[in-house]
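> okay, sequence plus prediction incoming.
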Amino acid sequence: MRTIDWIDGAIELIDQTLLPHQVEVHRVTELPELIDDIKRLAVRGAPALGVAGALGVALIAASVQRSGGDEELDTVEVRRQAALLREARPTAVNLSWGVDRALTALDAGADAVLEEALRIRDEDIAACISMGLYGADLTRELTGKDRVRVMTICNTGSLATVERGTALGVIQTLLEQGSLEEAFPLETRPLLQGARLTAWELQRMDAPFRLLVDSAGPFLLSRGIADAVFIGADRIAANGDTANKVGSFSLALAAKHAGVPFIVVAPESTVDMSTASGADIEIEDRGVDEVAGFGGVRTAPEGIAAVNPAFDVTPNELITAIVTERRVILPGRGETLRDTPLGELRA
Ligand SMILES: CSC[C@H]1O[C@H](OP(=O)(O)O)[C@H](O)[C@@H]1O
(Lines give C-alpha, C1' and ligand atoms only; values in the text may rest on other atoms or scores of the structure.)
Protein backbone atom coordinates (compact mmCIF):
# COMPACT_ATOMS: atom_id res chain seq x y z
CA MET A 1 0.00 0.00 0.00
CA ARG A 2 1.23 3.56 -0.63
CA THR A 3 2.46 5.70 2.26
CA ILE A 4 0.50 8.69 1.05
CA ASP A 5 -1.97 9.16 -1.82
CA TRP A 6 -4.95 11.14 -3.09
CA ILE A 7 -8.11 9.03 -2.74
CA ASP A 8 -11.64 10.30 -3.61
CA GLY A 9 -10.91 13.96 -2.99
CA ALA A 10 -8.81 13.61 0.18
CA ILE A 11 -5.28 12.67 1.27
CA GLU A 12 -4.88 9.21 2.79
CA LEU A 13 -1.68 8.43 4.67
CA ILE A 14 -0.38 5.70 6.95
CA ASP A 15 -0.08 7.08 10.50
CA GLN A 16 3.57 6.15 11.15
CA THR A 17 3.42 7.03 14.85
CA LEU A 18 1.41 3.81 15.38
CA LEU A 19 3.85 1.50 13.52
CA PRO A 20 4.97 -1.24 13.78
CA HIS A 21 2.19 -2.54 16.02
CA GLN A 22 -0.77 -0.84 14.29
CA VAL A 23 -1.30 -0.07 10.61
CA GLU A 24 -3.88 2.71 10.43
CA VAL A 25 -4.70 4.99 7.52
CA HIS A 26 -5.54 8.60 8.34
CA ARG A 27 -7.95 10.24 5.86
CA VAL A 28 -7.08 13.95 5.79
CA THR A 29 -9.70 16.41 4.56
CA GLU A 30 -8.61 19.64 6.28
CA LEU A 31 -5.31 21.56 6.26
CA PRO A 32 -4.86 21.72 10.08
CA GLU A 33 -5.01 17.91 10.20
CA LEU A 34 -2.27 17.64 7.56
CA ILE A 35 -0.05 20.17 9.31
CA ASP A 36 -0.50 18.29 12.59
CA ASP A 37 0.32 14.96 10.87
CA ILE A 38 3.54 16.48 9.50
CA LYS A 39 4.58 18.04 12.82
CA ARG A 40 4.00 14.82 14.80
CA LEU A 41 5.66 12.69 12.10
CA ALA A 42 2.54 10.70 11.26
CA VAL A 43 3.81 11.42 7.75
CA ARG A 44 7.57 11.93 7.54
CA GLY A 45 10.62 11.49 5.36
CA ALA A 46 11.77 14.12 2.92
CA PRO A 47 10.25 12.80 -0.34
CA ALA A 48 6.97 11.91 1.38
CA LEU A 49 6.87 15.45 2.78
CA GLY A 50 7.29 16.78 -0.76
CA VAL A 51 4.27 14.80 -1.92
CA ALA A 52 2.35 15.81 1.24
CA GLY A 53 3.11 19.45 0.48
CA ALA A 54 1.89 19.16 -3.11
CA LEU A 55 -1.25 17.18 -2.25
CA GLY A 56 -1.84 19.61 0.61
CA VAL A 57 -2.00 22.52 -1.84
CA ALA A 58 -4.50 20.54 -3.92
CA LEU A 59 -6.58 20.00 -0.76
CA ILE A 60 -6.45 23.74 0.02
CA ALA A 61 -7.38 24.77 -3.53
CA ALA A 62 -10.33 22.37 -3.62
CA SER A 63 -11.56 23.63 -0.24
CA VAL A 64 -11.23 27.31 -1.19
CA GLN A 65 -12.98 26.57 -4.49
CA ARG A 66 -15.89 24.93 -2.63
CA SER A 67 -16.14 27.87 -0.22
CA GLY A 68 -16.21 30.33 -3.11
CA GLY A 69 -18.98 28.55 -4.98
CA ASP A 70 -19.19 29.86 -8.55
CA GLU A 71 -16.79 32.72 -7.76
CA GLU A 72 -13.31 32.65 -9.32
CA LEU A 73 -10.80 30.73 -7.18
CA ASP A 74 -9.45 33.00 -4.43
CA THR A 75 -5.75 32.43 -5.15
CA VAL A 76 -4.66 34.87 -2.42
CA GLU A 77 -6.42 32.69 0.18
CA VAL A 78 -4.89 29.53 -1.29
CA ARG A 79 -1.41 31.05 -1.06
CA ARG A 80 -2.05 32.21 2.52
CA GLN A 81 -2.96 28.70 3.64
CA ALA A 82 -0.17 27.11 1.58
CA ALA A 83 2.33 29.29 3.46
CA LEU A 84 1.21 27.66 6.74
CA LEU A 85 1.72 24.19 5.25
CA ARG A 86 5.13 25.16 3.81
CA GLU A 87 6.57 25.94 7.27
CA ALA A 88 5.30 22.85 9.09
CA ARG A 89 8.89 21.45 9.29
CA PRO A 90 11.99 23.46 8.28
CA THR A 91 14.83 21.11 7.38
CA ALA A 92 13.61 18.91 4.54
CA VAL A 93 13.59 21.14 1.46
CA ASN A 94 11.12 18.77 -0.18
CA LEU A 95 8.13 20.15 1.77
CA SER A 96 8.59 23.71 0.49
CA TRP A 97 9.58 22.36 -2.93
CA GLY A 98 6.34 20.34 -3.18
CA VAL A 99 4.19 23.29 -2.06
CA ASP A 100 5.92 25.72 -4.42
CA ARG A 101 5.72 23.40 -7.40
CA ALA A 102 2.01 22.69 -6.87
CA LEU A 103 1.40 26.45 -6.65
CA THR A 104 2.89 26.93 -10.13
CA ALA A 105 -0.40 25.51 -11.47
CA LEU A 106 -2.63 27.73 -9.30
CA ASP A 107 -3.58 30.29 -11.94
CA ALA A 108 -4.98 27.44 -14.05
CA GLY A 109 -7.37 26.45 -11.24
CA ALA A 110 -7.86 23.83 -8.54
CA ASP A 111 -8.02 20.90 -10.97
CA ALA A 112 -4.67 21.91 -12.49
CA VAL A 113 -3.11 22.05 -9.02
CA LEU A 114 -4.30 18.51 -8.35
CA GLU A 115 -2.91 17.31 -11.68
CA GLU A 116 0.50 18.82 -10.82
CA ALA A 117 0.42 17.24 -7.37
CA LEU A 118 -0.37 13.82 -8.86
CA ARG A 119 2.52 14.30 -11.31
CA ILE A 120 4.81 14.91 -8.31
CA ARG A 121 3.49 11.74 -6.67
CA ASP A 122 4.11 9.68 -9.82
CA GLU A 123 7.59 11.18 -10.31
CA ASP A 124 8.49 10.11 -6.77
CA ILE A 125 7.49 6.51 -7.54
CA ALA A 126 9.61 6.48 -10.70
CA ALA A 127 12.55 8.20 -8.96
CA CYS A 128 12.75 5.53 -6.26
CA ILE A 129 12.93 2.77 -8.86
CA SER A 130 15.73 4.60 -10.68
CA MET A 131 17.71 5.39 -7.51
CA GLY A 132 17.46 1.75 -6.48
CA LEU A 133 18.96 0.56 -9.76
CA TYR A 134 21.67 3.27 -9.78
CA GLY A 135 22.52 2.68 -6.14
CA ALA A 136 22.72 -1.12 -6.41
CA ASP A 137 25.01 -0.88 -9.45
CA LEU A 138 27.18 1.75 -7.73
CA THR A 139 27.54 -0.39 -4.61
CA ARG A 140 28.85 -3.34 -6.57
CA GLU A 141 31.21 -0.98 -8.44
CA LEU A 142 32.59 0.67 -5.31
CA THR A 143 32.92 -2.48 -3.18
CA GLY A 144 33.99 -4.87 -5.95
CA LYS A 145 31.60 -7.40 -4.39
CA ASP A 146 28.50 -9.11 -5.81
CA ARG A 147 26.96 -9.58 -2.35
CA VAL A 148 27.21 -6.73 0.13
CA ARG A 149 26.56 -5.94 3.79
CA VAL A 150 25.10 -2.46 4.27
CA MET A 151 24.47 -0.21 7.24
CA THR A 152 21.79 2.48 7.29
CA ILE A 153 20.22 4.99 9.66
CA CYS A 154 16.67 6.21 10.21
CA ASN A 155 13.95 5.20 7.78
CA THR A 156 14.38 5.78 4.09
CA GLY A 157 12.00 3.12 2.77
CA SER A 158 8.53 3.25 1.28
CA LEU A 159 7.40 5.02 4.47
CA ALA A 160 9.65 7.99 3.62
CA THR A 161 8.38 8.17 0.04
CA VAL A 162 5.27 7.05 -1.84
CA GLU A 163 6.68 3.58 -2.61
CA ARG A 164 10.04 1.70 -2.31
CA GLY A 165 12.16 4.47 -0.75
CA THR A 166 15.57 6.02 -1.31
CA ALA A 167 18.46 4.42 0.62
CA LEU A 168 16.28 1.53 1.74
CA GLY A 169 15.06 1.34 -1.85
CA VAL A 170 18.65 0.59 -2.86
CA ILE A 171 18.78 -2.12 -0.19
CA GLN A 172 15.50 -3.56 -1.52
CA THR A 173 16.91 -3.52 -5.06
CA LEU A 174 20.08 -5.27 -3.89
CA LEU A 175 17.87 -7.90 -2.25
CA GLU A 176 15.82 -8.36 -5.44
CA GLN A 177 19.04 -8.73 -7.44
CA GLY A 178 20.50 -11.33 -5.04
CA SER A 179 23.20 -8.90 -3.90
CA LEU A 180 22.20 -8.28 -0.28
CA GLU A 181 24.17 -10.35 2.23
CA GLU A 182 22.81 -8.50 5.28
CA ALA A 183 21.46 -5.11 6.34
CA PHE A 184 22.30 -3.35 9.61
CA PRO A 185 19.73 -0.65 10.44
CA LEU A 186 20.43 1.64 13.39
CA GLU A 187 17.52 2.06 15.83
CA THR A 188 17.74 5.87 15.37
CA ARG A 189 16.93 7.58 18.61
CA PRO A 190 14.97 9.42 19.80
CA LEU A 191 11.93 8.52 17.63
CA LEU A 192 13.27 5.08 16.63
CA GLN A 193 12.52 5.32 12.92
CA GLY A 194 15.02 2.49 12.41
CA ALA A 195 13.73 0.12 15.09
CA ARG A 196 10.05 0.85 14.42
CA LEU A 197 9.89 1.54 10.68
CA THR A 198 12.97 0.21 8.89
CA ALA A 199 12.92 -3.09 10.80
CA TRP A 200 9.21 -3.40 9.93
CA GLU A 201 9.91 -2.76 6.23
CA LEU A 202 12.92 -5.12 6.11
CA GLN A 203 10.90 -7.86 7.81
CA ARG A 204 8.05 -7.40 5.30
CA MET A 205 10.47 -7.76 2.35
CA ASP A 206 12.03 -10.81 4.05
CA ALA A 207 15.50 -9.25 4.05
CA PRO A 208 18.33 -10.59 6.27
CA PHE A 209 19.09 -7.93 8.88
CA ARG A 210 20.12 -7.29 12.45
CA LEU A 211 19.10 -4.13 14.35
CA LEU A 212 21.83 -2.03 15.98
CA VAL A 213 21.93 0.36 18.88
CA ASP A 214 22.90 3.77 17.44
CA SER A 215 26.17 4.09 19.32
CA ALA A 216 27.28 0.59 18.19
CA GLY A 217 27.29 1.67 14.52
CA PRO A 218 30.68 3.41 14.36
CA PHE A 219 32.42 0.72 16.41
CA LEU A 220 30.97 -2.12 14.31
CA LEU A 221 32.05 -0.34 11.13
CA SER A 222 35.59 -0.28 12.53
CA ARG A 223 35.25 -4.04 13.05
CA GLY A 224 34.30 -4.53 9.36
CA ILE A 225 30.62 -5.38 9.76
CA ALA A 226 29.55 -3.52 6.61
CA ASP A 227 30.83 -2.93 3.07
CA ALA A 228 28.90 0.32 2.58
CA VAL A 229 26.78 2.82 4.47
CA PHE A 230 23.61 4.25 2.90
CA ILE A 231 21.68 7.25 4.18
CA GLY A 232 18.82 9.38 2.90
CA ALA A 233 18.80 13.17 2.90
CA ASP A 234 16.57 16.04 3.89
CA ARG A 235 18.49 18.79 2.15
CA ILE A 236 21.63 18.65 -0.03
CA ALA A 237 23.40 21.99 -0.29
CA ALA A 238 25.05 23.26 -3.47
CA ASN A 239 28.48 22.05 -2.36
CA GLY A 240 27.20 18.56 -1.49
CA ASP A 241 26.99 19.03 2.29
CA THR A 242 24.01 16.92 3.35
CA ALA A 243 21.47 17.30 6.15
CA ASN A 244 20.02 14.03 7.34
CA LYS A 245 18.83 12.32 10.52
CA VAL A 246 21.01 13.07 13.53
CA GLY A 247 23.70 10.42 13.80
CA SER A 248 24.51 10.51 10.10
CA PHE A 249 27.57 12.72 10.63
CA SER A 250 29.12 10.39 13.21
CA LEU A 251 28.42 7.44 10.89
CA ALA A 252 30.18 9.30 8.06
CA LEU A 253 33.23 9.92 10.26
CA ALA A 254 33.29 6.22 11.18
CA ALA A 255 32.88 5.15 7.54
CA LYS A 256 35.84 7.35 6.57
CA HIS A 257 37.92 5.85 9.39
CA ALA A 258 36.91 2.33 8.33
CA GLY A 259 37.49 3.00 4.62
CA VAL A 260 33.87 2.16 3.80
CA PRO A 261 31.90 4.00 1.05
CA PHE A 262 29.34 6.46 2.48
CA ILE A 263 26.52 6.92 -0.01
CA VAL A 264 23.67 9.44 0.10
CA VAL A 265 20.52 8.44 -1.81
CA ALA A 266 17.98 11.17 -2.52
CA PRO A 267 15.82 12.48 -5.37
CA GLU A 268 16.75 15.67 -7.22
CA SER A 269 13.98 17.46 -5.28
CA THR A 270 16.24 17.21 -2.19
CA VAL A 271 19.08 19.08 -3.89
CA ASP A 272 18.85 22.76 -2.89
CA MET A 273 21.20 24.81 -5.07
CA SER A 274 19.98 28.00 -3.34
CA THR A 275 21.66 26.86 -0.11
CA ALA A 276 25.41 27.29 -0.51
CA SER A 277 26.62 24.91 2.19
CA GLY A 278 25.57 22.84 5.20
CA ALA A 279 26.23 25.81 7.50
CA ASP A 280 23.19 27.50 5.94
CA ILE A 281 20.74 24.63 6.59
CA GLU A 282 18.20 25.21 9.40
CA ILE A 283 18.25 22.23 11.77
CA GLU A 284 14.93 21.48 13.50
CA ASP A 285 15.20 21.07 17.28
CA ARG A 286 12.29 18.94 18.49
CA GLY A 287 12.46 19.76 22.19
CA VAL A 288 13.08 17.87 25.42
CA ASP A 289 10.12 15.44 25.56
CA GLU A 290 11.38 13.20 22.73
CA VAL A 291 14.73 12.83 24.55
CA ALA A 292 13.35 12.45 28.09
CA GLY A 293 11.06 9.51 27.35
CA PHE A 294 9.37 7.38 24.68
CA GLY A 295 5.86 6.14 24.02
CA GLY A 296 4.47 8.06 26.96
CA VAL A 297 6.99 6.60 29.44
CA ARG A 298 9.23 9.24 31.05
CA THR A 299 12.85 8.12 31.52
CA ALA A 300 14.60 11.34 32.57
CA PRO A 301 13.74 13.43 35.63
CA GLU A 302 11.05 16.10 35.25
CA GLY A 303 12.28 19.64 34.74
CA ILE A 304 15.46 18.86 32.82
CA ALA A 305 16.53 20.61 29.61
CA ALA A 306 17.77 18.93 26.40
CA VAL A 307 19.29 19.73 23.01
CA ASN A 308 17.45 17.64 20.42
CA PRO A 309 18.53 18.37 16.83
CA ALA A 310 16.41 16.15 14.56
CA PHE A 311 19.14 16.32 11.88
CA ASP A 312 22.84 16.87 11.46
CA VAL A 313 25.02 17.89 8.52
CA THR A 314 27.60 15.65 6.86
CA PRO A 315 30.29 17.73 5.09
CA ASN A 316 30.79 16.84 1.45
CA GLU A 317 34.34 15.59 1.99
CA LEU A 318 32.95 12.65 3.99
CA ILE A 319 30.48 11.64 1.26
CA THR A 320 31.64 9.12 -1.33
CA ALA A 321 28.72 9.62 -3.71
CA ILE A 322 25.24 11.09 -3.94
CA VAL A 323 22.78 8.97 -5.96
CA THR A 324 19.72 10.63 -7.44
CA GLU A 325 17.20 9.33 -9.97
CA ARG A 326 19.26 10.67 -12.87
CA ARG A 327 22.90 10.93 -11.81
CA VAL A 328 25.70 9.91 -9.45
CA ILE A 329 27.55 12.87 -7.90
CA LEU A 330 31.03 12.65 -6.33
CA PRO A 331 31.23 15.64 -3.97
CA GLY A 332 33.93 14.13 -1.79
CA ARG A 333 36.52 15.09 -4.45
CA GLY A 334 36.03 18.72 -3.46
CA GLU A 335 33.88 19.44 -6.49
CA THR A 336 30.48 21.07 -6.39
CA LEU A 337 27.57 19.03 -7.72
CA ARG A 338 28.11 17.82 -11.26
CA ASP A 339 26.90 14.97 -13.38
CA THR A 340 29.06 11.88 -13.14
CA PRO A 341 27.49 9.31 -15.44
CA LEU A 342 27.60 5.88 -13.87
CA GLY A 343 29.90 4.60 -16.60
CA GLU A 344 32.66 7.00 -15.51
CA LEU A 345 32.77 5.36 -12.10
CA ARG A 346 34.02 2.23 -13.73
CA ALA A 347 37.10 4.08 -15.01
C1 LIG B 1 14.16 9.39 2.38
S2 LIG B 1 14.63 10.78 3.25
C3 LIG B 1 14.07 10.35 4.84
C4 LIG B 1 14.76 11.18 5.86
O5 LIG B 1 13.78 11.82 6.68
C6 LIG B 1 14.02 11.40 8.00
O7 LIG B 1 13.72 12.37 8.94
P8 LIG B 1 12.30 12.34 9.67
O9 LIG B 1 12.02 10.91 10.04
O10 LIG B 1 12.52 13.25 10.85
O11 LIG B 1 11.34 12.90 8.65
C12 LIG B 1 15.49 11.08 8.03
O13 LIG B 1 16.27 12.25 8.00
C14 LIG B 1 15.60 10.32 6.74
O15 LIG B 1 16.88 10.16 6.29
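Great, that's in hand.
> for Ala254, see how far away the residue of the chain positioned farthest from its centre is.
Residue distances from the centre of the chain (CA atoms, centre = their mean) peak at Asp70, which lies 39.5 Å from the mean C-alpha position. Between Asp70 and Ala254 the computed distance is 62 Å (CB to CB, to the nearest Å). The C-beta positions use only the backbone N, C-alpha and C, and glycine is treated the same way.
> same check on Leu84?
For Leu84 relative to Ala254 (CB to CB), the value is 40 Å.
> which one's more surrounded, the two?
When Leu84 and Ala254 are compared on other CB atoms under 10 Å, the one with more neighbours turns out to be Ala254, at 20 against 15.
> residues contacting the residue in the stretch 151-300 of the chain that the ligand sits nearest to?
Distances between the stretch 151-300 of the chain and the ligand by CB to the nearest ligand atom are smallest at Gly232, namely 3.1 Å. Taking CB atoms under 8 Å, 6 or more residues apart in numbering as the criterion, Gly232 is in contact with 45-46, 154, 156, 160, 165-167, 244-245, 264-266.
> ok, back up a step: helix, strand, or coil at the residue farthest from the centre of the chain?
Assigned by DSSP: H, G, I helix; E, B strand; the rest coil, the conformation of Asp70 is coil.
> do stretch 116-136 and the ligand come into contact?
No: Stretch 116-136 stays clear of the ligand (CB under 6 Å from any ligand atom), getting no nearer than 9.1 Å.
> for Ile14, give the beta-bridge partners.
Assessed by DSSP bridges, Ile14 has beta-bridge partners Val25.
> tell me how many other residues surround it.
Ile14 - counted by other CB under 10 Å - has 22 other residues nearby.
> cool, Gly69 as well?
6.
> likewise Asp74?
So Asp74, with other CB under 10 Å, has 14 neighbours.
> same check on Pro267?
There are 26 residues near Pro267, going by other CB under 10 Å.
> is it correct that it is in contact with Met131?
Yes: assessed by CB atoms under 8 Å, Pro267 is found in contact with Met131 at 6.9 Å.
> got any residues that touch both of the two?
Joint contacts of Pro267 and Met131 (CB under 8 Å, 6+ apart) are 166, 324-325.
> rewinding a little: excluding sequence neighbours, find me the nearest residue to the residue of the stretch 151-300 of the chain closest to the ligand.
Spatial nearest neighbour of Gly232, excluding adjacent residues (CB to CB, 6 or more residues apart in numbering): Thr156 at 3.5 Å.
> so who does the one you found touch?
45, 165-169, 198, 230-232, 265.
> so it: helix, strand or coil?
coil.
> can you show me the strands along the stretch 51-200 of the chain?
Remark: strands assigned in the stretch 51-200 of the chain by DSSP state E, counting those that start in this stretch are 148-152, 180-185.
> can you name the residues of the stretch 51-200 of the chain that neighbour the ligand?
So the stretch 51-200 of the chain meets the ligand at 154, 156, 160, 166, 193 (CB under 6 Å from any ligand atom).
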